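Q: A structural model of the following input is requested.
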Amino acid sequence: MTLLDSPSLSRRALLGAGLAAGLSGVVAGCSNEGRGGASGANDAESRSKVRPAYVRYAGVEPDLAGEPYDIPDAFLRYPADPVQAITEPPGDGKPIKVMTFTNTPIPPKLSQNAFWQEFNERTGSPLELDLTPSVDYSKRFATAVAGDRLGELFMIGNVPQKPQMLAAKAVDLTPYLAGDKIKKYPFLANLPETSWNSAIFDGKVYGIPVPRGAISTQVMYARKDLLDQQGLSTDVKSAAEFVELCKGITDPTKNRFALANVPTLFVRTMFAIPNSWSEEGGKLVSHLEHPAQEDALALLTKLWKSGYVHPDAFTGQNQDLKTRFGSGTGPLVYGTFSGWPGFLQAMDDSAELAVVPTPAHDGSGPGRPWLGGPTFSVTAISTKAEGRVETLLAYLNSLATPFGTSEYLFRRFGLEGVHYETVDGNPVLTDKGFSETQLSLGYQADAPWAIFLPDRAGSSEACFEAMKESCPDAVRNPVDGLYSETENRKGTQLGEAIGNVTDDIIQGRKPLSAWSEAVKKWKSDGGDKIAEELYAAYQASR
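A: Next comes the predicted model:
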């Protein structure tokens with residue numbers, strides 16, 4: 001599970017994902033001498049010249065085809081005889097040093113980890129991991145850049161002066177991946193075309209994207225078994241009915257609070273607030289400026305004041321959300337579709353998971369969720385590893401082997417009888433498997449997401465149908481993948497400031513009237529400049 005895939009992170013974790021804190025004075029020191037300038041341009045024309053070709057993998061037919069709905073394919077069974085996609089180990093015998101983050105407990109060390117040992121054997125090179133909890137990664141990344149200690153492979157994010165940092169610290173992969181050249185790495189060629197947008201700057205390919213898309217769209221999960229016990233339904237038609245659902249499931253005497261986390265985005269989508277930005281009158285307008293924001297905040301304040309939100313919702317971490325949901329102390333939780341398997345794992349066998357569709361606040365019809373972005377992150381190759389580029393690309397290509405291959409089966413489930421058991425023909429992780437396989441492989445490179453939930457019968461179908469209902473009409477961010485230097489430099493700071501005011505209003509520490517002043521300050525402190533830069537990039541991309 002990834003940072004953006006995890007079930008509704010705390011704001012601290014999301015800020016960590018921005019990777020920007022503390023980097024302002026660090027990346028500025030990256031020199032471009034001898035490497036050419038870096039303007040940050042990633043308009044459509046410059047991207048189209050170098051974008052790697054797309055060659056869809058057709059080795060396995062899905063049970064439920066997602067392509068007509070622009071959602072992942074779903075599979076009900078893992079092939080009994082999976083294809084071996086990689087015929088030769090990609091490694092060269094030398095260690096592969098990787099710097100990335102994790103959202104799960106740190107795995108057992110190599111000497112005590114049978115999965116890691118087998119992975120090294122199959123890779124042909126020992127994997128050396130520099131793993132940092134996601135909430136601390138921005139500080140760790142800043143330190144590594146400043147000390148010139150980035151791994152041979154490193155995960156990057158929205159850092160200040162990102163194009164300049166990439167030009168100074170990352171290998172230009174254009175000669176290896178542009179156009180048909182990528183066909184040497186067929187599983188990287190299987191990555192969706194839009195995912196590459198975040199990896200291309202100034203007409204150069206600087207990394208391998210980790211694709212996501214619709215699977216990162218967020219949804220309200222429910223413990224259907226607990227709702228059934230109270231005679232409650234997930235079929236809510238308005239904001240008022242959602243409040244009644246929360247009231248009906250809350251029972252402080254049983255340490256039960258309806259909502260495991262604060263459903264800020266869920267409520268905003270009830271009020272048809274745009275996904276991050278909208279184009280209006282020849283400019284970009286932030287969702288923060290939408291007139292319905294105060295209505296959404298008023299509803300969120302009501303949910304908190306009524307005691308329907310878990311009292312630790314503002315301080316908890318990812319694992320806390322799964323624990324609350326699984327134990328029933330927070331039977332409603334807002335998270336991404338890719339969080340589905342994590343919630344299943346948190347519940348006991350008698351529990352049942354369902355989805356609460358987003359309603360329009362006034363009961364006028366269904367609401368529209370925000371569509372998840374096409375790319376989770378980008379993995380770059382350090383210039384210090386320039387002599388091993390083809391080896392490292394082969395390694396990343398092996399991590400992108402798709403569902404249905406023996407490599408995917410091992411990567412996700414490990415060794416049969418050690419890390420997973422076969423149940424009704426499908427692999428199901430054991431506790432040892434869940435612990436040892438957490439090597440953050442999916443944060444280095446990954447295949448397009450496949451819906452495959454073997455832990456419980458019917459789960460793959462249920463997830464597919466829920467995505468089929470929600471995602472085709474989901475609201476897109478019109479500037480997804482476009483670059484703003486101000487956003488990269490100041491976005492985390494601005495987001496934290498407006499987030500603090502949001503929290504204060506919801507918890508009653510500030511009046512609702514504080515919102516308009518906070519938005520004005522956000523705009524003057526950099527929000528307007530971000531809008532200008534993104535709109536210029538947006539116009540260039542049309």
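Q: rest of the way, CA atoms for contacts and neighbours
A: OK.
Q: Which residue, other than its chain neighbours, is closest to Gln117?
A: Leu110 (6.4 Å; CA to CA, 6 or more residues apart in numbering).
Q: any idea how far the one you found is from Glu118?
A: Here the criterion is CA to CA, to the nearest Å. By it, Leu110 lies 10 Å from Glu118.
Q: Go through stretch 505-523 and flag the buried ones.
A: Ile505, Ile506, Gln507, Leu512, Trp515, Ala518, Val519, Trp522, Lys523 (16 or more other CA atoms under 10 Å).
Q: Next, give phi and psi for the residue nearest to Gln117.
A: phi -50, psi -40 (degrees, to the nearest 10).
Q: and if you look at Gln164?
A: Torsion angles, degrees, to the nearest 10, at Gln164: phi -70, psi -40.
Q: tell me, how many neighbours does it end up with?
A: 23 (other CA atoms under 10 Å).
Q: what separates it from Lys384, distance-wise?
A: For Gln164, the distance to Lys384 - CA to CA - is 17 Å.
Q: Make CSV out of the buried residues of stretch 505-523 and add distance to Pro478 and pLDDT.
A: As requested, the buried residues of stretch 505-523 are exported to CSV (distance: CA to CA, whole Å; pLDDT from 0 to 100):
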residue, distance to Pro478, pLDDT
Ile505, 29, 98
Ile506, 28, 98
Gln507, 32, 98
Leu512, 29, 98
Trp515, 25, 98
Ala518, 24, 98
Val519, 21, 98
Trp522, 20, 98
Lys523, 19, 98
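Q: Looking at these, which are in helices?
A: Ile505, Ile506, Trp515, Ala518, Val519, Trp522 (DSSP state H).
Q: quick one: contacts for the third one?
A: The one in question is Trp515. Shown in contact with Trp515 (CA atoms under 8 Å, 6 or more residues apart in numbering): Glu294, Val501, Thr502, Ile505.
Q: any idea how far it is from Ser278?
A: Using CA to CA, Trp515 is found at 20 Å from Ser278.
Q: and what of the last one?
A: Distance from Trp522 to Ser278, counting by CA to CA: 17 Å.
Q: Quick one: the strands in the stretch 351-500 of the chain, in order.
A: Ranges of strands within the stretch 351-500 of the chain are 353-356, 375-381, 420-423, 426-429, based on DSSP state E, counting those that start in this stretch.
Q: My understanding was that Leu227 contacts Cys246; is that so?
A: No. Between Leu227 and Cys246 there is no contact under CA atoms under 8 Å: 10.0 Å.
Q: Give me the more crowded residue out of these two.
A: Cys246 (22 against 19).
Q: Rounded mean pLDDT for stretch 171-185, please.
A: Summarised as a single mean, pLDDT over stretch 171-185 is 97.
Q: then that stretch to CSV, C-alphas only?
A: Output of stretch 171-185 as CSV, limited to C-alpha atoms (Å, rounded to 0.1, in the frame of the first residue of the first chain):
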residue,chain,number,x,y,z
VAL,A,171,20.4,10.6,-15.0
ASP,A,172,18.7,11.8,-18.2
LEU,A,173,16.9,8.6,-19.3
THR,A,174,15.7,10.0,-22.6
PRO,A,175,18.4,8.1,-24.7
TYR,A,176,17.1,4.8,-23.0
LEU,A,177,13.4,5.3,-22.9
ALA,A,178,12.1,7.9,-25.4
GLY,A,179,9.7,6.6,-28.0
ASP,A,180,10.2,3.0,-29.1
LYS,A,181,13.5,2.8,-27.1
ILE,A,182,11.5,1.8,-24.1
LYS,A,183,10.5,-1.5,-25.7
LYS,A,184,13.7,-3.0,-24.5
TYR,A,185,12.0,-2.8,-21.1
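Q: Counting neighbours, show which residues of it come out buried.
A: Val171, Asp172, Leu173, Thr174, Tyr176, Leu177, Ala178, Gly179, Ile182, Lys183, Tyr185.
Q: Now tabulate those in TSV and tack on secondary structure.
A: What follows is the buried residues of stretch 171-185, written out as TSV (DSSP: H, G, I helix; E, B strand; the rest coil):
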residue	secondary structure
Val171	coil
Asp172	coil
Leu173	coil
Thr174	helix
Tyr176	helix
Leu177	helix
Ala178	coil
Gly179	strand
Ile182	helix
Lys183	helix
Tyr185	coil
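Q: any low-confidence regions in the chain?
A: 1-47, 157-159, 316-318 (pLDDT under 70).
Q: hang on, the earlier thing: tell me which of the strands of the stretch 351-500 of the chain sits nearest to Asn488.
A: Set against Asn488 and scored by CA to CA, the strands of the stretch 351-500 of the chain come closest in strand 375-381, at 14.1 Å.
Q: Report all helices and strands that that closest one contacts.
A: Here strand 375-381 touches strand 153-156, strand 208-211, going by 3 or more CA pairs under 8 Å, 6 or more residues apart in numbering; DSSP states H and E.
Q: ok, and which of the ones you listed has the densest surroundings?
A: Across those, averaging neighbours per residue (mean count of other CA atoms under 10 Å) puts strand 208-211 on top, at a mean of 28.
Q: Quick check: what element follows that one along the chain?
A: strand 218-223 (DSSP states H and E).
Q: Packing partners of that next one?
A: strand 332-336, strand 353-356.
Q: for the ones you listed, which one ends up most surrounded?
A: strand 332-336 (a mean of 26).
Q: C-terminal to that strand, what's the next element?
A: Later in the chain than strand 332-336, the nearest helix or strand by DSSP H and E is helix 340-346.
Q: where exactly do the strands run in the stretch 1-150 of the chain?
A: Going by DSSP E, counting those that start in this stretch, the stretch 1-150 of the chain shows strands at 96-102, 127-133.
Q: Out of those strands, which gets nearest to Phe434?
A: strand 96-102 (13.5 Å).
Q: Right, I'll leave it there.
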